[in-house]
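S.K.: Requesting a structural model of the entry that follows:
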Amino acid sequence: MVKCVSILGSTGSIGRQSLDIIDHLGIPVAALTAGTSVEKMADQCRKYHPQLAVMATYEAAHRLQKEIADLPTKISWGEEGLIEAATIPDADCVITAVVGMVGLKPTLAAIRAGKRIGLANKETLVCAGELVMAEAKKYNTEIIPVDSEHSAIFQCLMGMNHKREVEKIILTCSGGPFYGKTKEELGIVTKADALMHPNWKMGEKITIDCATLMNKGLEVIEAMRLYDLPLEKVDVVIHRQSIVHSMVEFTDGAVMAQLGSPDMRLPIQLAMTYPERMDCPVPKLDLTTCPPLTFFQPDMEAFPCLKLARDCAKTGGTACPVMNGANEEAVALFLQGKIGFYDIYEFVSKAVDTVPFIQSPTLEQILESDRLARMAVRNN
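M.R.: Sure thing, here's the model as predicted:
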């Protein structure tokens with residue numbers, strides 16, 4: 001079990017659930033970071049007494065400083081503060097729960113500092129997965145996924161002798177709030193409709209990604225990077241009950257699945273206790289009362305973001321960071337009520353087609369591709 005934790009994105013859904021697990025396990029906290037939720041961060045600082053608290057902006061950091069002036073906690077802000085939180089000496093584990101490309105540089109810094117990474121920031125691997133995994137190998141750093149699907153795969157692969165034993169990975173997908181709807185029906189859905197996920201309570205951005213199935217597309221790319229597998233060995237099936245969190249099919253035809261209640265605290269705890277398993281404050285799965293388990297093929301015509309993500313994964317290079325950056329911007333516009341549901345796909349697809357492509361990008365070129373993709377969406 002890890003000895004001390006730093007949480008990047010502590011006021012978000014994954015961050016708060018990580019703190020639930022920290023309470024349960026009695027692990028100290030070295031650093032916490034947040035966006036602009038000053039009141040929530042102040043409450044967390046008073047409860048956990050971190051050495052360092054980081055806000056996204058100088059203004060938020062200045063407000064936090066006033067709120068907790070009586071505490072010895074150091075206050076910082078911005079990217080520099082995130083990197084400091086990711087590399088703080090006392091923490092041996094960093095939970096990367098921030099949303100978006102903002103998590104890339106801090107994750108790389110934590111890897112180079114030899115921290116265990118509890119990875120909940122999928123954009124890190126989507127945009128720069130080959131670079132990130134190469135750095136993890138170089139510095140002998142553990143990356144343990146916190147996403148329920150990738151944690152399931154991680155668990156199914158425990159004890160595997162060699163990756164050549166893997167026939168394919170099967171990612172399960174709840175289908176989001178719009179499963180079964182036609183393209184015509186989806187053309188008129190609202191923000192409120194899209195935020196009504198049937199099984200999970202998450203932040204707004206990831207909930208919209210689940211509604212478009214872009215989230216599953218990002219997870220396909222993430223799985224390719226985490227497990228060094230080609231695209232054709234990563235499949236997606238719709239599983240409405242969110243009981244089977246993902247599966248691995250082996251070359252002999254055996255399929256191993258990880259089942260559990262739909263609660264993110266289980267994979268979060270495993271990232272902190274691995275290779276041990278400990279009692280977890282999650283309702284145990286009762287197979288005699290859970291609903292029948294069903295599986296279906298995703299509808300890529302009604303949900304074209306999944307196909308777009310797979311196409312970008314096949315193309316490689318800067319196609320993935322362009323798609324990711326454009327998607328972040330388009331989702332933000334949808335949440336602001338400025339564009340429609342299907343405009344998300346249209347804007348992202350156009351950015352992928354128009355932003356200059358680089359086959360083997362450097363980190364700087366990845367970051368520049370992200371910037372150009374965001375500009376393309378804003379200027380649409």
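S.K.: Every contact and neighbour count from this point should use C-alpha atoms.
M.R.: OK.
S.K.: which parts of stretch 193-202 are buried?
M.R.: For stretch 193-202, a neighbour-count test (16 or more other Cα atoms under 10 Å) marks 194-197, 201-202 as buried.
S.K.: what's the lowest-pLDDT member of those?
M.R.: Lowest pLDDT of the buried residues of stretch 193-202: residue 201, 69.
S.K.: one step back: let's see which of the buried residues of stretch 193-202 end up in helices.
M.R.: residue 194 (DSSP state H).
S.K.: Touching, residue 319 and residue 312? I think so.
M.R.: Yes. In this structure residue 319 lies within contact range of residue 312 using Cα atoms under 8 Å: 5.2 Å.
S.K.: Between those two, which is the more surrounded one?
M.R.: residue 319 (28 against 22; other Cα atoms under 10 Å).
S.K.: So what's the gap between the helix or strand that contains residue 62 and the chain middle?
M.R.: Using DSSP states H and E, residue 62 sits within helix 58-67. Using Cα atoms, centre = their mean, to the nearest Å, the mean C-alpha position of helix 58-67 is found 27 Å from that of the whole chain.
S.K.: Enumerate the positions of it that are buried.
M.R.: Along helix 58-67, these residues count as buried under the neighbour rule (16+ other Cα under 10 Å): 60-61, 63-65.
S.K.: Distance check, residue 341 against residue 197.
M.R.: Counting by Cα to Cα, to the nearest Å, the gap from residue 341 to residue 197 is 15 Å.
S.K.: Break down the stretch 151-300 of the chain into its helices, ranges please.
M.R.: Applying DSSP state H, counting those that start in this stretch to the stretch 151-300 of the chain gives helices spanning 183-186, 191-194, 204-212, 214-227, 265-273.
S.K.: so which of those helices gets nearest residue 27?
M.R.: helix 265-273 (9.3 Å; Cα to Cα).
S.K.: Give me the helices and strands touching that closest one, please.
M.R.: Where contact means 3 or more Cα pairs under 8 Å, 6 or more residues apart in numbering; DSSP states H and E, helix 265-273 is packed against helix 13-25, strand 116-119, strand 143-145.
S.K.: Among the ones you listed, show me which one is buried the most.
M.R.: strand 116-119 (a mean of 25; mean count of other Cα atoms under 10 Å).
S.K.: I'd assumed residue 124 was in contact with residue 99.
M.R.: No. Under the criterion of Cα under 8 Å, residue 99 is not in contact with residue 124, lying 9.5 Å apart.
S.K.: In terms of neighbours, single out the busier of those two.
M.R.: residue 124 (25 against 20).
S.K.: separation between the more buried one and residue 318?
M.R.: 13 Å.
S.K.: Then residue 72?
M.R.: Per Cα to Cα, residue 72 is found 43 Å from residue 318.
S.K.: Outline the domain layout of the chain.
M.R.: 5-146, 151-263+285-373 (automatic domain parsing).
S.K.: can I get those domains in JSON lines with distance to residue 379?
M.R.: Putting those into JSON lines (distance: least, Cα to Cα, whole Å) gives the following:
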{"stretch": "domain 5-146", "distance to residue 379": "20"}
{"stretch": "domain 151-263+285-373", "distance to residue 379": "10"}
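S.K.: nearest to residue 273, of those?
M.R.: domain 5-146 (9.1 Å).
S.K.: what about that closest one, start to end distance?
M.R.: Termini of domain 5-146 sit 14 Å apart (Cα to Cα).
S.K.: same thing with stretch 289-299?
M.R.: Using Cα to Cα, one end of stretch 289-299 lies 29 Å from the other.
S.K.: Pull out the buried residues from it.
M.R.: Within stretch 289-299, the residues scored as buried using 16+ other Cα under 10 Å are 298-299.
S.K.: what does that stretch rub up against?
M.R.: Here stretch 289-299 makes contact (Cα atoms under 8 Å, 6 or more residues apart in numbering) with 175, 236-241, 243.
S.K.: any idea of the mean pLDDT in it?
M.R.: 95.
S.K.: From the chain's centroid, how far away is it?
M.R.: That offset, for stretch 289-299, works out to 23 Å (Cα atoms, centre = their mean).
S.K.: re the thing from before, so which of the contacts of stretch 289-299 comes closest to residue 334?
M.R.: Nearest to residue 334 among the contacts of stretch 289-299: residue 175, at 19.3 Å, using Cα to Cα.
S.K.: sorry, back to before: how about the helices of the stretch 151-300 of the chain in JSON lines, adding distance to residue 93?
M.R.: Shown next, in JSON lines, are the helices of the stretch 151-300 of the chain (distance: least, Cα to Cα, whole Å):
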{"stretch": "helix 183-186", "distance to residue 93": "41"}
{"stretch": "helix 191-194", "distance to residue 93": "34"}
{"stretch": "helix 204-212", "distance to residue 93": "24"}
{"stretch": "helix 214-227", "distance to residue 93": "18"}
{"stretch": "helix 265-273", "distance to residue 93": "7"}
